[in-house]
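**Student:** Dropping a prediction and its sequence here:
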Amino acid sequence: MQITTSQTSENRKRHGEHLLISLTYIGKNIEMKTGIELTRALEQWRRYFEESGLVAALVINDGYFVQNIQGSRPAVNAALAKIIDEHFKIIPNVVKVEEIEALRWDGFVTKHLTESAEDEEYALKSFSAGFDFNPYLMQSTQIESFLTAIFEGAESDRF
């Protein structure tokens with residue numbers, strides 16, 4: 001019995017290029033000591049994500065990162081590998097990976113949590129255990145809700 005297909009091997013998407021993935025991770029900022037270093041790193045990431053066809057939402061404060069990256073499976077995998085290789089002091093802890101139907105973010109959006117009353121409301125009231133913002137103490141569902149609350153209807157920084 002012979003099976004024929006209408007697709008050639010070139011047209012097959014063997015690496016998941018046709019699948020959209022959402023990856024959320026948390027990490028601790030121990031590498032970048034100054035605001036200038038962090039700004040430069042964020043601009044490099046924005047350009048890399050744009051070139052790779054990725055979108056992302058990033059929340060940072062003095063000590064932590066919470067980031068959601070979305071795009072094709074190979075592009076998200078490459079971005080995670082790049083984070084691990086080039087920023088090994090961040091040590092990303094993957095919270096959630098899922099297949100999605102559509103991209104949620106519009107480019108590379110960021111929010112820097114400060115000690116303002118508005119940010120304290122976001123970070124401490126509903127999403128963190130204790131007096132300081134620490135995503136390591138949050139459940140994965142809390143982290144997803146946190147990202148939604150931060151970027152839903154709020155003006156975020158654009159790089």
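**Tutor:** All right, it came through fine.
**Student:** Please make it C-alpha for all contacts and neighbour counts, starting now.
**Tutor:** OK.
**Student:** for the chain, what spans make up the helices?
**Tutor:** Across the chain, reading from the start of the chain, the helices by DSSP state H fall at 35-52, 73-86, 117-120, 140-151.
**Student:** nearest to Ser22, of these?
**Tutor:** helix 73-86 (7.9 Å; C-alpha to C-alpha).
**Student:** mind checking which of the helices of the chain is nearest Leu58?
**Tutor:** helix 140-151 (8.3 Å).
**Student:** tell me which residues in the closest one are buried?
**Tutor:** 140, 143-144, 146-147, 150-151 (16 or more other C-alpha atoms under 10 Å).
**Student:** for His18, what are its contacts?
**Tutor:** Taking C-alpha atoms under 8 Å, 6 or more residues apart in numbering as the criterion, His18 is in contact with 72-73.
**Student:** What confidence value was assigned to it?
**Tutor:** Listed pLDDT for His18 reads 84.
**Student:** Equivalent analysis for Leu42, please.
**Tutor:** Model confidence at Leu42, expressed as pLDDT, equals 83.
**Student:** Can you report how many residues lie near it?
**Tutor:** By other C-alpha atoms under 10 Å, 16 other residues sit near Leu42.
**Student:** what's the distance between it and Lys111?
**Tutor:** Leu42 sits at a distance of 11 Å from Lys111 (criterion: C-alpha to C-alpha, to the nearest Å).
**Student:** Could you tell me how far stretch 16-29 lies from the centre of the chain?
**Tutor:** 6 Å (C-alpha atoms, centre = their mean, to the nearest Å).
**Student:** actually stretch 105-115, not the one I wrote
**Tutor:** Between the mean C-alpha point of stretch 105-115 and the mean C-alpha point of its chain there is a distance of 10 Å (C-alpha atoms, centre = their mean).
**Student:** Was I right to think Leu58 contacts Gln70?
**Tutor:** No: shown here, Leu58 and Gln70 do not form a contact pair, counting by C-alpha atoms under 8 Å, at 11.6 Å.
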